[in-house]
Every structure is written in structure tokens, then in C-alpha cells.
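*Asks:* got a predicted model here, sequence first, then my questions.
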Amino acid sequence: MFGKLIYLIRRALRNMFQSPVLCIATVGTVTVSLCILTFFAIIVLNVQSMTRHWSQEVQVVAYLDEVPSAAQISALVQSAEALPEVVEVVYVTRQQAFAGFRDRLGDDALLLDGLDDDFLPASLRLTLHEEFRNRLGVEQVVGELKKTGGYSDFRYGQDWLDRFESLLNLLRIAGAVLGGFLLFAALFIVANTIKLTVYARREELEVMSLVGGTSMFIKSPFLIEGAVQGVVGGCLAISLSYLLFTAFLAGGLETLFLASGVAEIVFLPFFYQLLVLAAGILIGILGSLISLRKFVRI
Amino acid sequence: MFGKLIYLIRRALRNMFQSPVLCIATVGTVTVSLCILTFFAIIVLNVQSMTRHWSQEVQVVAYLDEVPSAAQISALVQSAEALPEVVEVVYVTRQQAFAGFRDRLGDDALLLDGLDDDFLPASLRLTLHEEFRNRLGVEQVVGELKKTGGYSDFRYGQDWLDRFESLLNLLRIAGAVLGGFLLFAALFIVANTIKLTVYARREELEVMSLVGGTSMFIKSPFLIEGAVQGVVGGCLAISLSYLLFTAFLAGGLETLFLASGVAEIVFLPFFYQLLVLAAGILIGILGSLISLRKFVRI
Amino acid sequence: MIQLYNICKSYSKDGTALEDVNLKIPKGDFVYITGPSGAGKSTLLKLLYVAERPTRGQILINGQNVTRMSVAKIPFLRRQLGIVFQDFKLINSRTIFENVAFPLEVRGRKRFEVGKKVYQVLKNVGLEHKLTKFPLQLSGGEQQRVAIARALVMEPLVLLADEPTGNLDLEVTLEIMDLFKGANARGTTVLLATHDREMMRRFPRRQICLENGRLTEDWIP
Amino acid sequence: MIQLYNICKSYSKDGTALEDVNLKIPKGDFVYITGPSGAGKSTLLKLLYVAERPTRGQILINGQNVTRMSVAKIPFLRRQLGIVFQDFKLINSRTIFENVAFPLEVRGRKRFEVGKKVYQVLKNVGLEHKLTKFPLQLSGGEQQRVAIARALVMEPLVLLADEPTGNLDLEVTLEIMDLFKGANARGTTVLLATHDREMMRRFPRRQICLENGRLTEDWIP
Ligand SMILES: Nc1ncnc2c1ncn2[C@@H]1O[C@H](COP(=O)(O)OP(=O)(O)OP(=O)(O)O)[C@@H](O)[C@H]1O
Ligand SMILES: Nc1ncnc2c1ncn2[C@@H]1O[C@H](COP(=O)(O)OP(=O)(O)OP(=O)(O)O)[C@@H](O)[C@H]1O
Ligand SMILES: [Mg+2]
Ligand SMILES: [Mg+2]
């Protein structure tokens, strides 16, 4: 059994070295296709982390009725922190609120010159868990806080939240559509290439069957070949895209990114690299299977 | 001469119908590759129009020293309009400025309740030609205005402008890198596929040369075939991406886009469609040429 | 051993390659199949190794009805046959050694045994020095001998040889005939399609003559 | 017409296919090339149609030095030759008609003329009813006749036929020989590599014998 496997692998390797044109063509196609997929994955992942970065601005600000005593404050903070959706609660005094407002006004800050520094109410700022940073989660928290009482008003950037959510949806759908299309395209192109390599060797396949080769005996080296080519193509794709990635990031792209307010740019994490390899193997084997079914009618 | 061309075209078509497997494989690969390019072009074009949309917010606001007379205003407006960089000049009264500020504050507008509606200065808002909507153009305009005098202050969102410019640069570089890579990938994949189809027919090529076919006689049908497959693939790619485009836009994507502040989504303009077709022809012919050079040594 | 009942084969509507052929070949027989070009000799052999299916009629080989054999079983039938194809059908991307070794590998023989057997049979056809060459590096006659070696490497139950000496000179032909007779003596049933009258004159055996797809003569010396 | 001076050809270091061959074939000659399998007959012909280049020596065909001919000129030399390849070399994706018509199309002949000529030559080899078939739908002998038809369709200056009757029965062989003799009578120089002694006995002509790459006999009846 084990000896047979080794024998089949030997035959597969022999095949590949015997017709380098076909082998190189397949590996090249797998590499380029997976490279496109890898790039796409890098972009999607980074956009995702960017939106996660943005989503930190989804906060609930709860304005307090009047200036509370220290005991009241800690009670309110504790009850807010007890909510399952909440990560962190920060108490903002009137003065802090005033300073923050001044900062936000920027160039217009001189407008506040004549005003008292305590005309803004004190507030609690609630940061939420990531999965609650949307309209539903926010309104849930507000509902809970309302029940405890002691707050005059709540603010959570309602219109901003709507926009943010639809942008997220947009990215999600566009990513899924494009990703699906690219995955299909990669499978199609690789299967097509393998079909052509099998086509170029169809006489060989015919001879094998005429000399008594069973379907499995003839096909299995091709499947192994497909898997090997998939792995090699996957490794090459990851290396190539890493090269391109560092080459262009080193060339000043990163500073650009950071300047435009995007968080850190990361390469594909290891787990996703494994996924790319797996995709390579899958595409290689599937492509071989599909093509062999067309040409080996044994 | 003309008869010869027709003869060559007839032979090319005959070839294609004679080996449908090869022909379909090539057309399919061209289609999918160009489809990816088309999608990429659609995204780039729309992002471009989006940034153009955004860039309309690059304005110069020139605050006036004191409340000017009607004659002074029209003189200032005229001198500003005379600047070659300026498209439009709008005079904003103190009251309009106050109303605008109130709108911008949004939820915080109640802060302005006790204030006079004329504590903000009057100003001129200058919209610039597209090519001047950057730091350089803006500073040029401000310099000109400073010479005329009568202004107390200028504002043009300095930090916003820097961010916007680096984002534009980022998009431009990323687009060029990705676009170049995708174009190369498409050429590589198509050339690879054509190489395999030529490889599958190398015996035929050898026989033709043994029976006295000149290099041109043998190659030209392949080049014509490549061109035809390129055109067909290009048309299919445009149709397919149009189908996908409408299918997913009709499926609610458009409302999402609009909700997230993006301007209108457009399909590839006609000129670009022609470019895709041209790319198809080019890729088909180039791919054939490269492959034939490898296998026809006559 | 081999029985054909009312075999008809037509590739297209306009003509038949075989028409109503009835034939019995006992085990261990040595039969020449002759007839003019296009008579149906190769078609008859193709039916026996199930590269084609008859339009009508039944074929029994070694008791098995080949006509309705399932596709999955065909390889196991073919392993009992040694076939020399008219167009050789060597695998051009494999060396001579690998080509001849293939029938043994298919049957899962040990590497050691394979090497010994292949060398022996290649020596029998006079090509032991071409082991590592590829088919396209051999002359026509050498390729034909490789095809013969591949058919003989297994001591088949039935040997089907389609024009096995068309590219060989008389001396080599005689050596090859010795190999065929040797296999026959060891129990292999031999069917040999040929045009070579000299060969049939020197080694008179049962002769089956096809003409236009019909069996016109069955001569036993 | 054809002159070979000190021709050597070795495909690899370990063996030579031709060694020091000197040969003169005058215009209009009819020459058999014989010799055992692997002697170098096909190699000799390949050198003449420049599929291979000699390792040493010079070849003149019709006054042209073929040895140093540029790649671009080779097609024009080949158009003066009619070649029957040992392995036929038909284009499997083209019909018989298209295969035979190909040498005419290469030379840019009118469609009308092509149709007439192709039909005539296919009739001469007895295959006019197989016009629209593909090579793989023909029997071995029929394919060989298509290859012969393709070589004869142009009335070549030189006919190079490599084992042209290996798959043919005696009757068809005689017909084909008549065609060759006819072409020869009309001025074509014929070189015919063959093992068929019967043919040489019936039509005695000049015989060149190769053995292990050396010219060992040049017999003129
Ligand atoms: N695959 C096919 N498709 C259509 N017709 C075929 C096919 N194979 C053979 N034929 C036809 O069937 C007839 C018999 O062919 P077959 O190959 O059996 O002849 P043969 O006796 O072997 O001749 P040869 O001595 O020339 O090899 C021929 O007329 C041939 O054209
Ligand atoms: N492409 C090649 N590469 C390496 N060796 C070759 C090649 N072609 C032929 N040979 C060798 O050269 C020698 C002569 O071959 P050639 O084909 O000329 O023989 P031949 O006389 O035509 O034989 P046959 O009668 O069997 O066709 C043979 O030993 C053969 O193995
Ligand atoms: Mg036959
Ligand atoms: Mg030869």
C-alpha cells in the first residue's frame, strides 16, 4: 500500500520532469491566479482592519442631569460597566467636555472665548464591544441606560452610524462578489490550463488504457501532479506577493497609507497563507479531476 | 493579395472549428482575464469620480476685514473671479455664515443659543478648477488674494487637504501597481494558454513545415486565430461584466453606494470598452507570436 | 478460446468494415489474418481488445462475453492480451525501458522483476542497447520491435499482432517470428495480421482471409 | 542531381547513424536504398530534406548546397521534393482531401486546380471515396496511400519515399510502384528506402545498401 503510493508519486514526478513545458505552464498559471487571490485577500483584510479602526468612534455619550457627587458617579459608572455590551466607561467632567469641544472646533475655537468653561454638561462615554458597534447595539445600550435614569440626553452620531453601516455592508457585498468572482476565475483558468495539458497528453492516456491500465492507475499520477503543482504554485504565489508587497511598501507607500489615516498595513497572516496553499492544492486536484473526466473514458 | 488574405482567414476559422477544445479554452481564458481587468477598470473609474466628487470640498474661504459696502463686494468678487484658478465666487454674509456654522454643529447647535447672529465675519467662498484643487493651487490663489488686500484671514482646510492629497496619491499608486500586475497576469495567462494550444498542435506545425510551408504561411492563421479569439473574448468579457454589474447593482448595491456617500456608479464608458477589445486583440496576437516563436523553428 | 458469432461492424452508415464474421480459434492456435488493405483486419483485432464494440454479434474470449463487458472490466481483459498495434502506440515521453515496463507496472510487479524481464525481452528483439532512448530517437523498425517487446513481456494468453513486421527486414522478421513461435509453443494463442507472403510461405499456419469485411477463406495447412 | 560527399551523421556521442557516405545520383535515376533495420536509411533521407543537418560533409541537391542552407530557404527546397514519411506524418485534424491538397496550397495554387489534382491523385491510389474522412478513420494501408498521394500530387523534382509499402498488400504495392515508375518516366528522380525484396526482384533498379551507417553496396542491374 505504502510502496504503491511511493510508486505513484514517483510516476507523477517523472511525468512532470518529462514534460516541463506542461508542468511550468500549469505552475505558472496557478501562481498568477493565486497571486491575484492573495492580493485581493490582503486588500480585504486591511480594509477590514481599517473599518474596525474607524468603528472605535462608535461611542455612546450619556449626558448627566446635573453635576453628580463622587458616589453617584461611581454608581452610574458601575451600572454602565455592568452592561454586557460595554467595554469601557469614561467619566467626562464639564471642564473636560469644554476642552474637547474647543479642540473639535479647531480654527473656530475663538468663538468660545467669552464663555464659561462649565456651560457644557458632564457625561459618560461608553465604548462598546465590536459586535455591538452598530445601530442595534447602540440603541440597546441607550435603552438600558434610560431605565436606570439620571441622564438628560444621549448622543451616538445617529446619521454617521447609518452611513458607516451601509459602507460596511457595501464593502462586505463588494468583497464577496469580487472574491467569489476571482475564486471562480482562478478555478476556471487553472482547470482550463490543466485541461490543455491533459489534452496534449491524450494519446499517452489512450495508450495506457490500451495496455491494461485501470482508470485509477492512469488518473492518480495526474491527481498527485495537480496537488504538487498546486502546492508549488501556492508557495510561489505567497512569495511573489510578499516580494511585491514589501517592494512597494518600502517604496514609500506605507507613509502614504499612514498619512491618509489608514492604520497599519499588514501582509496576509499565516493562517490565510495556509488557506492559499490549500486553495492551490484544491484547485490543482479539482482541475485535474475535471479534465481527466473529459479525456479518460475508461 | 486580397484572395490570399481571405484564404488565410478561411484557414484560421477552419482551424478553430477543427479543434473546438483548444479554441474554447483560449476564448474562455481571454474572457475571464479581460473580465478581471474590466472589473478593475470599473472600480478605478468609479473611485476616481468619487474623489473628484470629494475634491469639490476643496474651497478657499477668504474672510473680509469688515462689513463691506455693496460696491466693495462686487469689486472683490470681480477681482477674485478674474483669477485663472477660480471657477466661482460666492459672497457669504455674516448671517449666512452663522446659519452655516449652526448647521455644522448639528446636535451641539444649542450652544449658540445666546449668541448674536453677526459675530462671525463675512467671507468669499472660492471654488477652484479641478487641476488646482491641491495645496499648490490653493496657496497660489491665497497669495494672489493677499496682494489685493481687504481680507483678514484665509481658510482652506490645510490638514484635510494634505490627507486628501496623500489619499489620492495612494489610490493612484495602488491602482497603477495593481493594474500593471493584473495586465501582466492577463497577458501571462493568455500567452500560457495559447502556448499550450500550440503545443498540442506542434506535430501539425512540424508536418506543415516538412511539406514546404514557409514560416509566414504556417504562422499567419495562428495569428489571425489569436486576434479573432481576442475579439470574441473581449466582447464576451464586456458582456459578462455588464451582466454581473447590472445583476448586482439591481440587487440593491446601488442604494448602498448612494447611502454611503458615493456618487453615481457607472459602467465602463464606450471608449474603455474599445480599449478592452483592443487589449483582447493585442493579447491574442502577442500570445500567439510568443508561443509560435517557441515551437515553430522554421 | 476466441469465438466470434455473426460479427458486424460499421463505423458509419455508408460502409461496413466487417460483415457477418463467424470464427472459432482454439486455445494455442497460430492464425494469420490476411486480406487487402482496408479489408477489416485491424478492425477485427480492435474488437478483440475492445477498442471498438461490434455493431452486431457476440464475441467470447476465454469464456467471457466481451461484447457487453463493462468499461471497468476492460483493463483486466487487456492484461491477458499482448497487443502489437499497427501504429506502434508507444508513449513518446517515456524511455524504451519504461514503455516496455508499463504492462508489468500496471500489474503491480516488483521493480526487480520488472528490470530483469524488460532487459530480457529487449535483448530478444535486439534492442538492449537502446534502453534509455526515447521512441522518437529510434528508427521505424526499432520502434516496431519495441512495440513487439511490450506485447511479449508478459507471456500473454493471446497475442494480437497487427502488421508486426511491416518495417522490418527479412533477417529481423525471422527472429521475431521465432519469438512468436516460442510464445505460441508456451501456450499463447497468436493472431497475426500481415501482408507478408514470404513469412506465410516459410511458416505455413492457419490463414484467415478477409475481403471487404467478409471472411472469404479459412485455410489450414 | 544529388551528390553526397563524406557525409557523417551522429545523433549522440555514443553512435553514428551515417559514416562517410559518398553518393552520386543523376537526374531521373530510380534508386532503392536497402539495409537492415537501423542502418541509416531514414537518416539519409532526412538529410536530403534537411530535417537533420549532417555532422560532417556536404550535400548538393540540384546544384544547391543544402548543408549550409538558411532556415528561411528550406521550405522552398522542400517544395521541389515529394516526401513519403515512414510514419506518414498526416495532419490528423484535417481531412484526407486537405492533407493531400496542402502542398498545392502552400504553393498558392488556385482552388479549382487543387480540387482536380487532388481528386486525380487520390483516385490513382484508390482512395477517391475517402476524400472527406480524417486520417485516424482510415486503415494503416490507406493512411500510407494518402501519404504517397501527398508526395505525388505535385510532380516533384525528387521523390523521397521511406518504406512506402510496409503496410500494403502485394496488389496495391504493384499499383503504387506503377505510379512511382510513371513519375520517374516523367523525369522525377526517385529514392526509395525499402525492405521489400519481392519489389526489388520484380522491378530491378539500382540498389544502394547501407549497413551500420556505411555504404556497403551499390549495385546497378
Ligand atoms: N475509426 C474509423 N472510422 C471510420 N472508418 C474506419 C475507422 N477505422 C477503420 N475504418 C474503415 O474500415 C475499413 C477497415 O479498416 P481496417 O483498419 O480494419 O483495415 P485493415 O484490414 O487493417 O487494412 P490495412 O491492411 O490497410 O491496415 C477501412 O475501409 C477503413 O477506412
Ligand atoms: N532522432 C534520433 N536521435 C537519436 N538517434 C537516432 C535518431 N534517429 C535515428 N537514430 C538512430 O540512428 C540509427 C539509424 O536510424 P534510421 O532511422 O536512419 O534507420 P533506418 O535505416 O531508417 O531503419 P528502419 O529500417 O528501421 O527504419 C538508428 O540506430 C537509430 O536508433
Ligand atoms: Mg490495419
Ligand atoms: Mg527508417
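*Replies:* Perfect, thanks for sending it. Note that the structure is predicted; figures quoted are calculated from it, not measured. Ligands and ions are numbered 1, 2, ... in the order given.
*Asks:* which parts of the longest helix along chain C are buried?
*Replies:* What stands out as the longest helix in chain C, according to DSSP state H, is helix C:170-185. Neighbour counts over helix C:170-185 (16 or more other C-beta atoms under 10 Å in any protein chain shown) mark C:170, C:172, C:173, C:176, C:177, C:179, C:180, C:183, C:184 as buried. For the C-beta atoms, the positions are set from N, CA and C on the backbone; glycine is no exception.
*Asks:* how close does the fifth one sit to residue C:139?
*Replies:* The one in question is residue C:177. Counting by C-beta to C-beta, to the nearest Å, the separation of residue C:177 from residue C:139 is 20 Å.
*Asks:* same question, the first one
*Replies:* In this structure, residue C:170 and residue C:139 are 16 Å apart, going by C-beta to C-beta.
*Asks:* and residue 33, what does it touch?
*Replies:* In the absence of a named chain, this looks at chain A. The contact partners of residue A:33, by C-beta atoms under 8 Å, 6 or more residues apart in numbering or on different chains, come to A:185, A:186, A:189, A:190, A:233, A:237, A:283, B:189.
*Asks:* ah, I was thinking of chain C
*Replies:* Counting by C-beta under 8 Å, 6+ apart, residue C:33 touches C:41, C:44, C:45, C:191, C:192, C:193, C:194, C:208, C:209, C:210.
*Asks:* give me the phi and psi for it.
*Replies:* Backbone torsions for residue C:33, taken as degrees, to the nearest 10, come to phi -110, psi 120.
*Asks:* and for the one 4 residues further on?
*Replies:* When quoted as degrees, to the nearest 10, the phi and psi of residue C:37 stand at phi -60, psi 130.
*Asks:* burial check on residue 75, number of neighbours?
*Replies:* Chain wasn't specified; assuming chain A. 14 (other C-beta atoms under 10 Å in any protein chain shown).
*Asks:* you looked at the wrong chain, it should be chain C
*Replies:* Residue C:75, neighbours per other C-beta under 10 Å, totals 22.
*Asks:* need the nearest residue in space to it, chain neighbours excluded.
*Replies:* residue A:214 (4.5 Å; C-beta to C-beta, 6 or more residues apart in numbering or on different chains).
*Asks:* next, count neighbours for that neighbour.
*Replies:* 19.
*Asks:* distance of it from residue A:246?
*Replies:* Taking C-beta to C-beta, one finds residue A:214 at 49 Å from residue A:246.
*Asks:* what does chain C put close to chain D?
*Replies:* Remark: the part of chain C in contact with chain D comprises C:11, C:34-38, C:41-43, C:86-87, C:137-142, C:145, C:162-163, C:166-172, C:195, C:197-198, using C-beta under 8 Å from any C-beta of the partner chain.
*Asks:* tell me the confidence at residue A:258?
*Replies:* According to the prediction, residue A:258 has pLDDT 64.
*Asks:* got it, and residue A:162?
*Replies:* 74.
*Asks:* secondary structure class for it?
*Replies:* Three-state call for residue A:162 (DSSP: H, G, I helix; E, B strand; the rest coil): helix.
*Asks:* that one reaches residue A:135, doesn't it?
*Replies:* Yes: here residue A:162 reaches residue A:135: they are 7.0 Å apart, a contact under C-beta atoms under 8 Å.
*Asks:* direction included, what does whichever helix or strand comes after the longest helix of chain C pair against?
*Replies:* For helix C:170-185, the following helix or strand on the C-terminal side (DSSP states H and E) is strand C:189-193. If you go by DSSP bridges, strand C:189-193 pairs up with strand C:30-34 (parallel), strand C:158-162 (parallel).
*Asks:* which residues of chain C fall in helices?
*Replies:* Under the criterion DSSP H, chain C contains helices at C:41-48, C:74-78, C:96-106, C:111-124, C:140-152, C:170-185, C:197-202.
*Asks:* the shortest one: which residues count as buried?
*Replies:* The one in question is helix C:74-78. Going by 16+ other C-beta under 10 Å, helix C:74-78 has these buried residues: C:74, C:75, C:77, C:78.
*Asks:* so what's the third one up against?
*Replies:* Each residue near residue C:77 by C-beta under 8 Å, 6+ apart is listed here: C:49, C:50, C:61, C:64, C:66, C:69.
*Asks:* just give me the closest of those residues to ligand 1.
*Replies:* residue C:49 (13.1 Å; C-beta to the nearest ligand atom).
*Asks:* does that closest one touch residue C:162 like I think?
*Replies:* No: Residue C:49 is beyond contact range of residue C:162, at 10.1 Å (criterion: C-beta under 8 Å).
*Asks:* which parts of chain C sit against ligand 4?
*Replies:* C:139, C:140 (C-beta under 5 Å from the ion).
*Asks:* near ligand 1, which residues of chain C?
*Replies:* Neighbours of ligand 1 within chain C, by C-beta under 6 Å from any ligand atom: C:11, C:12, C:17, C:35, C:37, C:38, C:39, C:40, C:41, C:42, C:43, C:86.
*Asks:* among the residues you listed, which ones are buried?
*Replies:* If we count by 16+ other C-beta under 10 Å, the residues of chain C next to ligand 1 have these buried: C:17, C:35, C:37, C:38, C:39, C:40, C:41, C:42, C:43, C:86.
*Asks:* just those residues now: which is nearest residue D:6?
*Replies:* residue C:86 (38.4 Å; C-beta to C-beta).
*Asks:* C-terminal to the helix or strand that residue A:26 is a member of, what's the next element?
*Replies:* Using DSSP H and E, residue A:26 sits in helix A:20-55. Counting by DSSP H and E, the next helix or strand C-terminal to helix A:20-55 is strand A:59-64.
*Asks:* buried sites along that next one?
*Replies:* A:59, A:60, A:61, A:62, A:63, A:64.
*Asks:* can you put those in JSON lines and add pLDDT and distance to residue B:265?
*Replies:* Shown next, in JSON lines, are those (pLDDT from 0 to 100; distance: C-beta to C-beta, whole Å):
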{"residue": "A:59", "pLDDT": "80", "distance to residue B:265": "32"}
{"residue": "A:60", "pLDDT": "81", "distance to residue B:265": "33"}
{"residue": "A:61", "pLDDT": "82", "distance to residue B:265": "35"}
{"residue": "A:62", "pLDDT": "82", "distance to residue B:265": "39"}
{"residue": "A:63", "pLDDT": "81", "distance to residue B:265": "40"}
{"residue": "A:64", "pLDDT": "80", "distance to residue B:265": "45"}
